[in-house]
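**Student:** make a model of this:
(chains A and B)
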There are 2 protein chains.
Amino acid sequence: MITNYFSETTKTMKSSLIRELVAETKNVPGLISFAGGFPSPATFPKDILSELYKEIVAQQGRDVLQYGNSEGDDILKDELLKWENYPNLNRNNMIITVGATNAIYYMTRCLIDPGDVILCEAPTFLGTIVAFEAIGAEVQSIPMDNEGIDLNRMAEKVKQLRDANKNIKFLYTIPDFQNPAGITMSIQRRRDLLNFCEAEEILIMEDNPYSRLRFSGEELPTLFRIAHTEMNNSWLVTEIVSFSKILGPGIRVAYVKSHPELINKMVSWQQKVTISPDCVTERVVAKFIADGYMEPHIKSLCEFYKPYLDKMLTCLETEMPSYVQWTKPKGGIFLWLWLPEDVNADTLFYKAKDHLVTFIPGSKFYPEGQEKFNCMRLNYTYSTFEQIEKGIKHLGELVKSIYV
Amino acid sequence: MITNYFSETTKTMKSSLIRELVAETKNVPGLISFAGGFPSPATFPKDILSELYKEIVAQQGRDVLQYGNSEGDDILKDELLKWENYPNLNRNNMIITVGATNAIYYMTRCLIDPGDVILCEAPTFLGTIVAFEAIGAEVQSIPMDNEGIDLNRMAEKVKQLRDANKNIKFLYTIPDFQNPAGITMSIQRRRDLLNFCEAEEILIMEDNPYSRLRFSGEELPTLFRIAHTEMNNSWLVTEIVSFSKILGPGIRVAYVKSHPELINKMVSWQQKVTISPDCVTERVVAKFIADGYMEPHIKSLCEFYKPYLDKMLTCLETEMPSYVQWTKPKGGIFLWLWLPEDVNADTLFYKAKDHLVTFIPGSKFYPEGQEKFNCMRLNYTYSTFEQIEKGIKHLGELVKSIYV
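**Tutor:** Down below sits the predicted model:
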């Protein structure tokens, strides 16, 4: 049996349960899904990209079809640094990766020995937790309030872990429009968190797939920007930015800004794991920025998505009983719903399927043994207005019916 | 210091020395390089690819810019299975990866616990050795003769390792136009190797970047094909095929054929490491095959490269003293040169730089402690005829001058 040859980590490795849950609901006709984390294909700038691909391959084919840098394309790096306005950073502060998951993997590989601790928000993105665990990390989650991660609880947790001689390597956080909770960390909390982590010497992995998807309100500086501009700290924060929700996740390009020594080690892993991202796509993204398409495109994305968020918030207001609560994000692609404490959304998931509506049960976003069950994640970027209306109505009826 | 946070594997991880050697010779004006493993950019089918990219993104953008399967694009898999004529295999026997290095990484992650042994040919591809070692494998190399890996030496090595209670997981082999030695395993040796490994229950990782780059002589069945067609064995061989030397290495697409249970675990790693390869590129490669471009393109590649190989062989014949020997491949991109036993090619490398010619010293293609020093790898696909003539002349003069 070939399974006898498998390594220990591989034998015990967990899959992303989201994938399996989504698969379970795949062939149900008429099902309305708020489960996935898919951007709307209507937002993909396919006509511009189609022309850019043609042009890049025809004109620069000898270059972009050849082996590329393991650290990522220099031309793309230069465009990104200009676009984000970081005059004090240079190419050595950056690596381009095959999507954000890839960056998370490399950084974790660089820092984690089996048994080391990674702190995260509770709830947090499941895909990241399973990657952390596959590398051997112990993942410890810390509750959030509506301003972001709870620093008192974080201080307690850090003390408790250090008293138990645990080695805390970094905090994983999604400060903007958090997946799954839809919470955005306040500016004060950002500063307090940075000061706490600097004092406690805990690195920060800032996962940033959504910050530019802000439909209203003022944009906040990322943790990375605050560390560099206000604290003059070059090592504390590593920021990972994805284009999945901007250009489309089929294009596997993300980038990381960090201290050159960490970047250097991530490059060494990339050399061994993929050699480099797809060089054609890297250069296409560079040209998308250089030709001035990025900012207007992001503006149009936000204008496209806002009515869907508004629609879902309005429907929840109309359809949900008063004892149900939810977050009210100003951007991103998810919101989070709290049910009464004795309602289990894992059970609700199966009943909802019969009512032709689906979501991800909240428990899937906590490390094992640290779950909450009375919650769910809802996505609003992959449904029509009609689906949102009908789906939330069914969900409201279901919640009312089981909790009379 | 951020370096204090690094994991143990990361602290001790080795880089590909080839990269550093190539860097050392980068800014030497007029230098003739036989060092890299680069295909000739003149062979990239950039005009066809340019049109296919445009068409795929314009017509299928909603699909290919969305999240893709972690197991790889179904349409590409179907094209590959048809192209290679494997009617008895299906999509579950295949994963698409971000280049062949990526496939090697996943398979190794699936099978290796720290301390497990991987067998390989001596010499073998350095990039793979450093990836094996980063995952914690002990790499043990076995000499080749001109028919491929030496089975008597392999049997001895296996016995010796098992007597020492070592867990041998798999053999890494490049049967066609091996990198770096340019040796192609004979059909008899293939069968003998397969029988030996089946009896000894040692899996085989068959790395196949070059088999279609055959300029003369008869194509041999891959180990994977023999196992499936002659031995009815579905678990013994995993074959990894790369498009780097066919379409261009900037396009990061390779594919793996194996037992569904191993494929399934590789998919689970891909989920955590990259989510999926670039979906746009996957579909472009599928269409390149579907539209009938692949076979004529491969034919034109072979016609393009053959004169360069012939040129290098002729020049070696003319310029090298009789005590130097080299392999005479019928395809691929490398050949291997043996110097007298007391000549150290690591030292020669620096002298050659002054003579404006460079190569990779052979010692770099052996696991640490198992090196041979009187050898070098020469590439002939990235130089002009004039460069080959001049470069081999200088190299011949140098060899003669140090060994009077």
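**Student:** out of everything not next to it in sequence, what's closest to whichever residue of the stretch 201-350 of chain A sits closest to chain B?
**Tutor:** At 3.0 Å from chain B, residue A:248 is the closest residue in the stretch 201-350 of chain A, using CB to the nearest CB. To be clear about C-beta, it is placed using only N, CA and C from the backbone, and glycine gets the same treatment. The shortest distance from residue A:248 to any non-neighbouring residue, by CB to CB, 6 or more residues apart in numbering or on different chains, is to residue B:65 (3.0 Å).
**Student:** do stretch A:47-58 and chain B meet?
**Tutor:** Yes - for stretch A:47-58 and chain B, the contact criterion (CB under 8 Å from any CB of the partner chain) is met by A:47, A:49, A:50, A:51, A:53, A:54, A:55, A:57, A:58.
**Student:** which one of these sits closest to residue A:205?
**Tutor:** residue A:49 (29.2 Å; CB to CB).
**Student:** which helix or strand contains the closest one?
**Tutor:** Taking DSSP states H and E as the criterion, residue A:49 maps to helix A:46-64.
**Student:** around chain B, pick out the residues from the stretch 151-300 of chain A.
**Tutor:** Counting by CB under 8 Å from any CB, the residues of the stretch 151-300 of chain A near chain B are A:169-170, A:203, A:235, A:244, A:247-252, A:259, A:261-262, A:265, A:268-269, A:271-281.
**Student:** could you redo the last one with a cut-off of 7 Å?
**Tutor:** Within the stretch 151-300 of chain A, the positions adjacent to chain B are A:169, A:203, A:235, A:248-252, A:259, A:261-262, A:265, A:268, A:271-281 by CB under 7 Å from any CB of the partner chain.
**Student:** if you count neighbours, what's buried in the longest strand that chain A contains?
**Tutor:** When chain A is parsed with DSSP state E, its longest strand is strand A:138-145. Residues of strand A:138-145 classed as buried: A:138, A:139, A:140, A:141, A:142, A:144 (neighbour count, 16 or more other CB atoms under 10 Å in any protein chain shown).
**Student:** farthest pair in those residues?
**Tutor:** Maximum distance among the buried residues of strand A:138-145 (CB to CB): 20.0 Å, for A:138 and A:144.
**Student:** still on that earlier bit, looking at the buried residues of strand A:138-145, which is nearest residue B:152?
**Tutor:** residue A:138 (47.9 Å).
**Student:** that closest one pairs with what?
**Tutor:** Beta-bridge pairing for residue A:138 (DSSP bridges): residue A:117.
**Student:** for the lowest-mean-pLDDT helix or strand in chain A, buried residues please.
**Tutor:** None of the helices or strands of chain A scores lower by mean pLDDT, DSSP states H and E than helix A:17-24, at a mean of 71. By neighbour count with 16+ other CB under 10 Å, helix A:17-24 contains the buried residues A:17, A:18, A:21, A:22.
**Student:** run the chain-centre distance for that helix.
**Tutor:** A distance of 18 Å separates the centroid of the chain from that of helix A:17-24, by CA atoms, centre = their mean, to the nearest Å.
**Student:** now the element after that helix, going C-ward?
**Tutor:** Counting by DSSP H and E, the element after helix A:17-24 in chain order, helix or strand, is strand A:32-33.
**Student:** show me what that next one is packed up against.
**Tutor:** Strand A:32-33 sits against helix A:385-402, with contacts defined as 3 or more CB pairs under 7 Å, 6 or more residues apart in numbering or on different chains; DSSP states H and E.
**Student:** at 10 Å what do you get?
**Tutor:** Contacts defined by 3 or more CB pairs under 10 Å, 6 or more residues apart in numbering or on different chains; DSSP states H and E place strand A:32-33 against strand A:357-358, helix A:385-402.
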